[in-house]
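Student: Let me see the structure of the following:
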Amino acid sequence: MKKHNFYAGPSIMSQFTIEETAKAVKDFADMGLSILEISHRSKQFQAVIDEAVELFKELLEIPEGYSVLFLGGGASLQFAMVPMNMLRKKAAYLDTGVWASKAIKEAKLFGEVDVVASSKDRNYTYIPKDYVVPGDADYFHYTSNNTIYGTEIRKDPEVSVPLIADMSSDVFTRPIDISKYDLIYGGAQKNLAPAGVTFVIVKDDAIGKADRVIPTMLNYETHVKKGSMFNTPPVLPIFSALQTLKYYKQLGGVRAIEKLDLDKAEVLYNAIDASRIFVATVPDHADRSIMNVCFVMKPEYKDLEKEFIDFATEKGMVGIKGHRDVGGFRASLYNALPMESVKALVDVMKEFERKY
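Tutor: Just a heads-up that it's a prediction; the model follows:
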């Protein structure tokens, strides 16, 4: 039976990435050695990281004056590294979910934090509007896609201060005006690579201004100067990231990917909205994530949730159980997920609905 992978992360990867990585595990760059055992200082791996940076910049149209870094520690480490390096007096944050609130918690260790708005009052099922970002903030931080709750900000915010964003789960799904940002970061295990590497896009002249002592490994300047090679980088995930970037270029780039993603999300949301037993957890269509579609049973069918999970699993749907904070179901539609899988899930939903 074909499996359809809707896991929220680590998540589905393109077959191209998987196959090319598998080849490299056996024999990397015709060295007669595995990618798992070669030196990160070898010219063969240096070529990998150089090409990955080049493609990153090409696909996202990153202007001059920015560096692309591949680091360890996940996005969670960036919650602390960002304020440690960038917060001098005060920072502004938007609270749209668990990951945003974790970033806020870490930032408060380094200075004043102004939470300009929060959607916690309705369990993060909407994106706050009409908030004011103070003009004296060192930066404004937001989380672009909220995997747990299924909300997403798909436009670069218009603010008068530097922008910083956690784009762990929706990078490479829309064009981004990088010039508006001082820094963008994200864990790679959604739309880029296996877990274990974190990407950082940082404006070179925005760093090195903090008046605190920063540990060497937590200082962005360290990694910019050393080209992500200050210490041993996560070699295998970086190689896989390069394969994903090559795959994205084959697809036609970010604009082509965005159209594919929008089409997939439309198919699933239309099915949910037309259903007699399912309902989306995010009511405002403009706030709905196209990466993580969250939905539940209508109240009168609530007792059927476990039965639907079991039914869908038997049909080959993998990873659709919702996060414990939301319940219900979550279908993650990352870039590597084919439309075939979305239509298969819709068919399963309709088949289950016909039973009742």
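
Student: all strands for the chain, in order.
Tutor: 4-5, 66-71, 90-95, 112-118, 140-143, 145-146, 151-152, 163-166, 181-187, 198-203, 278-280, 292-297, 317-318, 329-332 (DSSP state E).

Student: Redo those as TSV? Include mean pLDDT, distance to V348 and mean neighbour count.
Tutor: Bear in mind the C-beta positions are built from the backbone N, C-alpha and C, glycine included. Below are the strands of the chain laid out as TSV (pLDDT from 0 to 100; distance: least, Cβ to Cβ, whole Å; neighbours: other Cβ atoms under 10 Å):
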stretch	mean pLDDT	distance to V348	mean neighbour count
strand 4-5	98	9	20
strand 66-71	98	38	22
strand 90-95	98	35	23
strand 112-118	98	35	17
strand 140-143	98	30	26
strand 145-146	98	25	28
strand 151-152	98	24	26
strand 163-166	98	32	25
strand 181-187	98	29	24
strand 198-203	98	34	23
strand 278-280	98	11	19
strand 292-297	98	13	24
strand 317-318	98	6	18
strand 329-332	98	11	25
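
Student: Those into TSV, with extra columns for distance to S228?
Tutor: As requested, the strands of the chain are exported to TSV (distance: least, Cβ to Cβ, whole Å):
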stretch	distance to S228
strand 4-5	29
strand 66-71	5
strand 90-95	25
strand 112-118	29
strand 140-143	23
strand 145-146	24
strand 151-152	28
strand 163-166	19
strand 181-187	13
strand 198-203	9
strand 278-280	40
strand 292-297	29
strand 317-318	33
strand 329-332	28
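
Student: Can you report phi and psi for the residue nearest the centre of the chain?
Tutor: The centre of the chain sits closest to S169, judged by Cα atoms, centre = their mean, with a distance of 1.6 Å. When read as degrees, to the nearest 10, the backbone of S169 gives phi -110, psi 0.

Student: if I read this right, it contacts N191, doesn't it?
Tutor: Yes: using Cβ atoms under 8 Å, S169 is in contact with N191, at 6.9 Å.

Student: list residues touching both of these two?
Tutor: Counting by Cβ atoms under 8 Å, 6 or more residues apart in numbering, the residues touching both S169 and N191 are Y334.

Student: beta partners of the closest residue to V53 other than its chain neighbours?
Tutor: In this structure, V53 finds its nearest non-sequential neighbour in V68, 4.7 Å apart by Cβ to Cβ, 6 or more residues apart in numbering. Assessed by DSSP bridges, V68 has beta-bridge partners I201.

Student: so who does V68 touch?
Tutor: Counted by Cβ under 8 Å, 6+ apart, V68 has contacts 52-53, 56-57, 62, 199-201.

Student: could you dump the longest helix seen in the chain to PDB, C-alpha only?
Tutor: Across the chain, the longest stretch assigned as helix under DSSP state H is helix 254-274. Presented in PDB, the C-alpha positions along helix 254-274 are these (Å, rounded to 0.1, in the frame of the first residue of the first chain):
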ATOM      1  CA  VAL A 254      10.000  29.600  -5.500                       C
ATOM      2  CA  ARG A 255       7.200  31.100  -7.600                       C
ATOM      3  CA  ALA A 256       6.500  27.800  -9.200                       C
ATOM      4  CA  ILE A 257       6.600  26.100  -5.800                       C
ATOM      5  CA  GLU A 258       4.200  28.600  -4.300                       C
ATOM      6  CA  LYS A 259       1.600  27.900  -7.000                       C
ATOM      7  CA  LEU A 260       1.800  24.200  -6.400                       C
ATOM      8  CA  ASP A 261       1.500  24.700  -2.600                       C
ATOM      9  CA  LEU A 262      -1.500  27.100  -3.000                       C
ATOM     10  CA  ASP A 263      -3.200  24.500  -5.300                       C
ATOM     11  CA  LYS A 264      -2.700  21.700  -2.800                       C
ATOM     12  CA  ALA A 265      -4.000  23.800   0.100                       C
ATOM     13  CA  GLU A 266      -7.100  24.900  -1.900                       C
ATOM     14  CA  VAL A 267      -8.000  21.300  -2.600                       C
ATOM     15  CA  LEU A 268      -7.900  20.200   1.000                       C
ATOM     16  CA  TYR A 269      -9.500  23.400   2.500                       C
ATOM     17  CA  ASN A 270     -12.400  23.200   0.000                       C
ATOM     18  CA  ALA A 271     -13.000  19.600   1.000                       C
ATOM     19  CA  ILE A 272     -13.100  20.500   4.700                       C
ATOM     20  CA  ASP A 273     -15.300  23.500   4.100                       C
ATOM     21  CA  ALA A 274     -17.800  21.500   2.100                       C
END
